[in-house]
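Q: fold the stuff below for me.
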Amino acid sequence: MELCSTAVSCMAAAFLLLHLGLISSMAQQNEVQTGLVGGEVTLKCTGIPLDSKLSRDEVSWMYYKTLLWRTENNNAWRTSAFPTHRADVKMENKQLRMWDLKLSDAGIYTCKSSSHEVRISLHIFKCFQNPDLERKYATVDSTVILSWHLNSQKIKWKEGFTGQLNWKQQEGANAHELLDFKVTAQGELHETKKSSNFLFEIPERNAEIIIEVKLPKVYFNHSGQYQCQLEYQGRHVQSKIELVVMKVSANPDGPLSRGANMTLTCQVSGPLPPNAYLRWERVNGTTMDVKNSRQREIKLEVNISAAGLWSCHLIEDNDRKISLHYHVEEAPVWISYVIIGASVAGSLLVFALGCLCIISGISWQRRMQRRKRMAQARQYLLENKTCQCQHRLN
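A: Below is the predicted model:
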């Protein structure tokens with residue numbers, strides 16, 4: 001009898017332990033959620049009752065074992081670890097909303113009450129391998145390819161996403177859509193060219209998902225911001241490439257004759273960052289043949305003694321990003337003689353024309369005087385004839 005009673009007690013204890021274990025396993029949930037760098041995500045306390053008992057129950061949010069936020073006696077307070085400027089918690093449902101996500105935000109978040117616990121594994125992905133804002137340099141008439149690499153191998157997309165590539169020449173200007181694209185969940189990329197006025201090409205792709213545009217011949221007005229934007233599950237993420245274009249010119253253009261001066265101009269399409277500057281320098285020249293400027297345009301006046309190859313460099317953090325060259329040529333001697341001869345001939349021609357004008361003027365004045373005298377003589381003769389006729393009649 002005692003043995004039977006002991007067996008029943010053991011069975012009851014085992015059943016109670018099993019029941020408690022089931023309650024414990026039901027009260028703890030494990031979830032997985034994904035977010036994009038620069039995007040937004042909401043972590044939910046699934047299973048916590050939304051009734052009057054919640055106000056008296058203590059609820060807390062933890063990042064791994066670090067306390068971020070909790071309620072106590074119907075009051076909420078944050079710890080110093082809470083990302084105040086990028087997150088908040090809604091008191092009515094205790095949801096943790098985070099925005100402007102960073103890769104470092106990934107990890108285990110736990111929403112815990114006295115009777116329930118939700119563990120959320122947050123995975124943060126960066127859609128672009130590019131930085132959020134990249135600067136690329138090019139020279140006029142060169143070829144440039146702008147690329148956005150997607151982390152398609154690292155992210156297991158649940159569904160496809162769409163995107164577009166826009167260009168605007170400067171901040172605040174109207175954006176022009178160059179192309180739109182769609183990526184399927186299987187990683188297939190489909191692109192549609194939208195702009196017919198902008199001269200660009202879409203290079204052939206390899207196995208990676210890369211959004212690319214090729215400018216076969218860069219013009220100065222091709223500069224500006226190229227923005228690639230993705231939309232995934234209602235969220236937007238973007239990456240920009242700022243294209244800076246350089247050009248050089250000379251006034252007057254062409255060979256430089258003795259005694260003449262020439263102005264060399266080097267210009268970039270936008271303001272330079274604080275760590276960059278422009279430099280004119282003569283190849284194989286001296287330190288006297290160098291001029292620097294932190295402005296977007298630099299001018300240099302040269303004469304025949306500075307003939308040779310001049311280079312304009314854009315230097316950023318002591319690294320030459322792009323360079324353009326201009327060859328200042330000395331005009332051949334015979335050209336100088338031709339110029340001198342043409343000047344002398346021109347002077348003589350002007351002198352001859354002046355003399356011809358003077359001679360013609362004098363001749364014209366003499367003819368006018370001769371005509372005047374003849375007219376006076378005819379008038380005199382006419383008056384004399386009239387007088388003779390009157391005498392005869394008398």
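
Q: top helix in the chain by residue count?
A: Counting by DSSP state H, the longest helix found in the chain is helix 333-393.

Q: tell me the mean pLDDT over it?
A: With pLDDT averaged residue by residue, helix 333-393 scores 73.

Q: so how many other residues sit close to the residue nearest to Val290 when sequence neighbours are not counted?
A: In space, and not counting its chain neighbours, Val290 is closest to Glu281: 4.6 Å by C-beta to C-beta, 6 or more residues apart in numbering. Where you see a C-beta, it was placed from the backbone N, CA and C, and this is true even at glycine. Glu281 has 19 neighbouring residues, counting by other C-beta atoms under 10 Å.

Q: what of Pro273?
A: Pro273: 12 surrounding residues under other C-beta under 10 Å.

Q: would it count as being in a strand?
A: No. Per DSSP: H, G, I helix; E, B strand; the rest coil, Pro273 lies outside any strand segment and is coil.

Q: mind checking pLDDT for the closest residue to it other than its chain neighbours?
A: Spatial nearest neighbour of Pro273, chain neighbours left out: Glu316 (6.8 Å); criterion: C-beta to C-beta, 6+ apart. For Glu316, the pLDDT comes out at 93.

Q: mind giving me the domain split of the chain?
A: 26-125, 133-243, 252-328 (automatic domain parsing).

Q: circling back: now find how far off-centre the longest helix of the chain is within its chain.
A: 72 Å (C-alpha atoms, centre = their mean, to the nearest Å).

Q: what's the spacing between Ser257 and Val248?
A: Look at Ser257 and Val248: by C-beta to C-beta, to the nearest Å, they are 21 Å apart.

Q: make that Pro203, sorry
A: From Pro203 to Val248 the distance is 28 Å (C-beta to C-beta).

Q: out of these two, which sits in the busier spot?
A: Val248 (19 against 11).

Q: that one reaches Leu278, doesn't it?
A: No. In this structure Val248 lies outside contact range of Leu278 using C-beta atoms under 8 Å: 10.4 Å.

Q: so what sits against both of those two?
A: Cys266, Cys312 (C-beta atoms under 8 Å, 6 or more residues apart in numbering).

Q: phi, psi of the residue nearest to Pro273?
A: phi -130, psi 120 (degrees, to the nearest 10).

Q: flag the shaky bits of the stretch 1-150 of the chain, pLDDT-wise.
A: 1-27, 49-57 (pLDDT under 70).

Q: right, I mislabeled it, should have said the stretch 151-300 of the chain
A: In the stretch 151-300 of the chain, residues with pLDDT under 70: 151-159, 196, 205-208, 233-235.

Q: and the helices in it?
A: Applying DSSP state H, counting those that start in this stretch to the stretch 151-300 of the chain gives no helices.

Q: about what we covered before: can you list the domains of the chain in CSV and add distance to Met368?
A: Output for the domains of the chain, formatted as CSV (distance: least, C-beta to C-beta, whole Å):
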stretch, distance to Met368
domain 26-125, 92
domain 133-243, 63
domain 252-328, 48
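
Q: out of these, nearest to Gly361?
A: Comparison of the domains of the chain against Gly361 by C-beta to C-beta identifies domain 252-328 as nearest, at 37.3 Å.

Q: sorry, back to before: tell me, how many residues neighbour the residue nearest to Pro273?
A: Residues lying near Glu316 (other C-beta under 10 Å) number 17.

Q: is it bridged to anything, and to what?
A: Ala276, Asp319 (DSSP bridges).

Q: so what's the residue lying closest to Gly285 once chain neighbours are set aside up against?
A: Leaving aside its sequence neighbours, Gly285 sits nearest to Gly308 (C-beta to C-beta, 6+ apart; 7.1 Å). The neighbours of Gly308, taking C-beta under 8 Å, 6+ apart as the test, are Arg282, Val283, Asn284, Gly285, His327, Val328.

Q: hmm, which of these are the buried ones?
A: Applying 16 or more other C-beta atoms under 10 Å to these, the neighbour count classes Arg282, Val328 as buried.

Q: quick check: buried residues in stretch 301-312?
A: Val302, Ile304, Ala306, Ala307, Trp310, Ser311, Cys312.

Q: for the residues you listed, which one is nearest Gln129?
A: Closest to Gln129, out of all of those and judged by C-beta to C-beta, is Cys312, at 31.9 Å.

Q: contact partners for the nearest residue to that closest one once chain neighbours are set aside?
A: Spatial nearest neighbour of Cys312, excluding adjacent residues (C-beta to C-beta, 6+ apart): Cys266 at 3.6 Å. Contacts of Cys266 were listed using C-beta under 8 Å, 6+ apart, and they are Met246, Lys247, Val248, Leu278, Trp280, Glu297, Ile298, Lys299, Leu300, Cys312, Leu324.
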